[in-house]
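Novice: predicted model follows, preceded by the sequence.
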Amino acid sequence: TATGHAPADFSCHFDTVSVCLSKGLGAPIGSVLSGSSKHIDRARHFRKLYGGGWRQAGILAAAGLHALREHRSRLNEDHENAI
C-alpha cells in the first residue's frame, strides 16, 4: 500500500473488509468483501434479501481479477500522481 504496510496490518482489526476494485485498480466496477465464512454467509443472505446480485457477472469478475493481479503494484504510482 501507499503507507508501506501490508493490507493485513489494517484488516486484522475488523471482522470484514471491503475493497473497491474501481478506485486506483482500474476495474470498471466492483468490490470484494473479505471475512470469515460466517460473516460472508451473512452478507450474502442480506445481499439476496435486498435484491442484490447479478446473473451474468463473470466478465466483470474477470476484470476485477485482472485489476488485482496486474494493477496492485501500480497503486503507489497512482497515489503519487494524485498528490
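Specialist: Received the coordinates, thanks. Numbers count the residues shown, from 1 in each chain.

Novice: check the offset of stretch 71-83 from the chain's centre.
Specialist: Averaging C-alpha coordinates over stretch 71-83 and over its chain gives two centres that are 16 Å apart (Cα atoms, centre = their mean, to the nearest Å).

Novice: and the helices in the protein?
Specialist: Assignment of helices within the chain using DSSP state H yields the ranges 7-11, 37-49, 58-71, 75-82.

Novice: these: which one's closest to residue 23?
Specialist: helix 75-82 (9.1 Å; Cβ to Cβ). All C-beta spots, glycine's among them, are computed from the backbone N, C-alpha and C.

Novice: could you give the angle of that closest one to helix 58-71?
Specialist: Using axes from the mean of the first three to the mean of the last three Cα atoms, to 10 degrees, the interaxial angle of helix 75-82 with respect to helix 58-71 works out to 90 degrees.

Novice: and helix 75-82, what's its mean pLDDT?
Specialist: Averaging the model's pLDDT scores along helix 75-82 yields 80.
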